[in-house]
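Q: Based on what follows, work out the 3D shape:
(chains A, B and C)
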Amino acid sequence: MMTEILEPVSRTAPSQQAVLEVKDLDVDIRTPKGTVRVVSKVGFSARSGKTLALLGESGCGKSMTAKAIAGLLDPVASVAGGSAHLESHDLFSMTAKQRRSVAGEGLGIVFQDALAALNPVYTIGTQLGEAFRIHRGASKKQAKVEAIELMRRVGIPEPETRVNSYPHQFSGGMRQRILIAMAVALSPKLLIADEPTTALDVTVQAQIMQLLRSLRTEEQMAVVLITHDLAVVAEEADDVCVMYAGNVVEQGSVETVFNRPTHPYTKGLLSSVPADAHRGSSLTSIPGSPPELSKIPTGCVYQDRCPLASAICREQRPELRPTGPAQSAACHFAEQVSALDPQSEPVTGQDSER
Amino acid sequence: MSSVEQIPTTKTPQPSPESSGSQKRRNDGRVSMFTMLLRDRFATVAAVFLSLVVLTAIFGPTLMGEHATAQNLMFMNKAPFDPANGWIYILGSDSLGRSVLARIVVATQTTLLVAVPAVLVALIVGSLWGVWAGYHRGRREAISMRIADIIMSFPSLLLAVVVLFVFSPSAANIVLILAITRIPIYMRTARTESAELQSRTFVDAARTFGTKPNSIIVRHVIPVVTPTLLTLATLEFCFVMLAESSLSFLGIGIQPPDVSWGLLVAQGRQYLQTAWWLSILPGLAIVLTAVAANVLAAWMRIATDPAQRWRLELDRKSTKAFEKATRQAAKMHAKKGDNS
Amino acid sequence: MSIQTHNQSVDSVLDVQNLTKTFHVASGSSGTRELKALDGINLNVKRGETLGLVGESGCGKSTLARTLMMLEQPDGGTVRFDGQDPFALRGKQLRAWRRRVQMVFQDPFASLNARMTAGQIITEPFATHKDLYPTSAARKQRLDELLELVGLRTTDAQKSPQEFSGGQRQRIGIARALALGPDLIILDEPVSALDLSVQAQVLNLLNDLQQQLGVSYIFISHDLSVVRHVTDRVAVMYLGRIIETGSTQQVFDSPLHPYTASLMSASPKLDPALRPVNRIVLQGELPSPLDPPSGCRFRTRCWKAESICSVERPESRVREPDGKIVLGMPTLGPSAEQQIAECHFPVQSAAEAGLAVSA
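A: Numbering: from 1, shown residues only, chains lettered A, B, ... in the order given. Presented below is the predicted three-dimensional model:
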């Protein structure tokens, strides 16, 4: 199987019920300088057999959102409001024990740094088999058989011998496959993938993405893909949530959002990608940088970098509202975004010579 | 001119001025070193204590020199903290009726005159050597580290005994011998840090403009390793004072009638059963001085690190509130786990 | 030093011939093994142009950059910078040469000393090159000039690196590289640590600086869309060797080497029209450079590999102006106006590799 024909994302299945439903999620981090809200009123839903992308730049709160859902927040961070339902389970009102029983069979997670996520002193077989021993009460022998089967499924060559190897004996791409194997071991309903290919090379990234896609289809999992890479979202995801400074600024199906963005940030991001722009031409860039989370302005979070910003943006934070079929954006001037000239300078920018 | 956007400079890690009312700040928004010192209660106490020790070392002998040597058989082996004996005997007296307070005060000067130079010499020589070896790696590093190993493996007390028997046990020789035997401690630490630093990108950057190794060491390596080595030096301060006392115990350290804290501990050891204060109180002086120096070094480490400094720039109230909230959160977390 | 290689043109800044660098890696109890990080690199950079260097991690592109910066000593081959061999220079001449080649590093956090202010960092090169700006007034003036050039404020000089965002820190790194007025800047993944919106700002800055100052760039990156945007020519590395060079457009639109084709095919694209018709997903991973495959080093992952590939090292093939692919010169390099690849069975057309044919 050297080449794989890129199948168009199937949109034939009727829209299934949401596996994960997140509403108005707030996450706070306490710092010596005071409490900082890093995720604010975030809501989305993930459907089985579909991929939802949480897209945003570093520090926009996308990973924090995933950690809150998975119950992996640091002690200094806490969920300050909102709800998250995995099918019928309310994830935030669970005890630790209930949560543990949901982990694995309900929810699997794949991290960016595969080496840090694996314990260096246990063999891969032991770590992969653990899930079966804990959740299914499998014997040591059974667990190993299951581990080998898993390794075969995620495309690790010679699983019978490699099952006794240690994490450091695998390459980066193989380690990422092992992490994916661990996450999908118990066929979870929901798979959270936090920047699963950021540390990998292009050719290996393509392999891992192909694996995730086929597992998703086989198992009919809902996948939440956390990434900063627009092209990956464009190729892999069905729905997208664009996050900025802890807020969802736009969401909808990838096709509509990317073809007709209705938030100036989404528009700015899309035009900063050096895709078909040619040598020598200037890229459209968003001036400035994202605000520090402790200094998020009142009003719209994007006002300092926005070409459409006006008085109302400084006073009132826009709420997400429908801006088209299967699309919503948090912008007072969403209707004007499509008319926005990608080269236009923001009113707050100091440089107007371009 | 250029088509470069000016970036609004919003990224300042200092707390905003309005959050912290009437603090003294320099015009660039940064808190002065003195204010930072006052913000850390432990560091303030340590600094005050060390200043007192230094003042005692300078003026002590002139103020209390007579009392330290005056024998008074009426006041033999008096227990400390008895106001009836008068303030001069507040810390008790020895078998010859000399005031322990006066002896500790007078010994301060000798102690510091031995310990401070010994620590400084070892610190400077060991650090520079270690930094140099670690920066260049290769053969220079290998040879240097073997030398360090040899010094370390040689019983330092034996070396001291031999040297001090051959030469006279003068203060200068004691300083020298204590310094030489402690050089490898600094060397090893300095080498490890320097070897790590020399592979950092900003050092590579300096190499690409043709900066000479010695300039790189001065500009990029030494400022980073200094706080660690200073902390080490304060711990060594304690060790050197005790090492000096062992030498005194063997009779080749500070020679009476001069006294040092170490010598006082050594002399008092035989009376430990009957007059505990004779060795415990000078010992306490050693420990307190070392602890104070250590606390101050720890503070300095944070104060000079640009990435850590903000901890000291916060006022105490907000730090406390944060710590309390974090503790509560951790408790809640633990409780939630227990309930299940 | 006056004899130049056959077709080095006058406007060439850097000319590298057959550069090799071997590391000795401790391996088990049996002593050391050889790791050929650079295995016969040929490369040239013209004045004012940008040469892209792409390849996966471990292919040797960082070693090449470090060797060109004289941070590593090569084992063999020649480096000519304006006809001069920098490795033969000593003392004052070497220091004068250092001014002409500078580097911008990948990590804008690790490459700046956190204990210095932005101004100290940017003017650090002047401490070594004292004759450039002898007075403190001249240094201050140059500092202000540099800050303005990279889009920072003159008041930013007093701040320490932690007070800047990633993009601004990279601007400081660029200002430092510009301080000595170099002819060539090696950019080692200069934007890969930056967020997309900031990345575009820095790429624009680099482009403006090149137009203003006429400086040449070697642009190392794994992000193909960035490389496509900023470079004039591209060299593709695989296991210590440059396996394909050519103009950016040629290499991206109709790659000759199957590895290049698979890179182009595998990189995700935002625009559906640019996506490959059939995506090539390479099997396996980069072989260990300690133990490279015999013959063609790509054969273990190549879909066109035949038995000859494991026996014989492929010779260069050149795409003629009329589109024909013929056996070319023995080495890749200087006259690389043409697209050259080292492969027994080069890819004939974009369609063969399943790439989208651009309009």
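Q: going forward, measure contacts between C-alpha atoms and count neighbours the same way
A: OK.
Q: What residues sit buried inside stretch A:112-126?
A: A:112-115, A:118, A:123-126 (16 or more other CA atoms under 10 Å in any protein chain shown).
Q: cool, and stretch A:64-82?
A: A:64-71, A:73, A:75-79, A:82.
Q: Of the residues you listed, which ones also sit close to chain B?
A: A:75-76 (CA under 8 Å from any CA of the partner chain).
Q: For whatever residue of chain B ends up closest to chain C, identify the helix or strand it belongs to.
A: Residue nearest to chain C within chain B: residue B:202 (4.2 Å; CA to the nearest CA). Assigned by DSSP states H and E, residue B:202 belongs to helix B:201-208.
Q: and after that helix, which helix or strand comes next?
A: Remark: after helix B:201-208, the chain's next helix or strand is helix B:213-216, criterion DSSP H and E.
Q: Sketch out the low-pLDDT regions of the stretch 201-350 of chain A for me.
A: A:275-280, A:341-350 (pLDDT under 70).
Q: which residues of it fall in helices?
A: A:202-219, A:230-236, A:254-259, A:264-272, A:311-315, A:334-337 (DSSP state H, counting those that start in this stretch).
Q: CSV for those helices, including mean neighbour count and distance to chain B?
A: Output for the helices of the stretch 201-350 of chain A, formatted as CSV (neighbours: other CA atoms under 10 Å in any protein chain shown; distance: least, CA to the nearest CA, whole Å):
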stretch, mean neighbour count, distance to chain B
helix A:202-219, 19, 25
helix A:230-236, 21, 23
helix A:254-259, 19, 26
helix A:264-272, 23, 14
helix A:311-315, 14, 17
helix A:334-337, 17, 22
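Q: Let's have those helices in TSV, adding distance to chain C.
A: Formatted as TSV, the helices of the stretch 201-350 of chain A follow (distance: least, CA to the nearest CA, whole Å):
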stretch	distance to chain C
helix A:202-219	6
helix A:230-236	4
helix A:254-259	9
helix A:264-272	6
helix A:311-315	21
helix A:334-337	17
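Q: can you put those helices in CSV and add distance to residue C:205?
A: As requested, these are exported to CSV (distance: least, CA to CA, whole Å):
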stretch, distance to residue C:205
helix A:202-219, 26
helix A:230-236, 22
helix A:254-259, 27
helix A:264-272, 14
helix A:311-315, 30
helix A:334-337, 26
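Q: The closest residue in space to residue C:245 that isn't next to it in sequence bridge partners, please.
A: Among residues not flanking residue C:245 along the chain, residue C:235 sits closest, at 4.4 Å (CA to CA, 6 or more residues apart in numbering or on different chains). Beta-bridge pairing for residue C:235 (DSSP bridges): residue C:53, residue C:245.
Q: what about the stretch 51-200 of chain B, any weak spots by pLDDT?
A: B:68, B:75, B:83-85.
Q: of all of it, which residue lies closest to chain A?
A: For the stretch 51-200 of chain B, CA to the nearest CA, closest residue to chain A: residue B:200, 20.6 Å.
Q: that older thread, for the record, mean pLDDT for the helix holding residue B:202?
A: Rounded to a whole number, the mean pLDDT of helix B:201-208 is 91.
Q: Next, the buried residues of that helix.
A: For helix B:201-208, by 16+ other CA under 10 Å, it's B:201-208.
Q: That'll do, ta.
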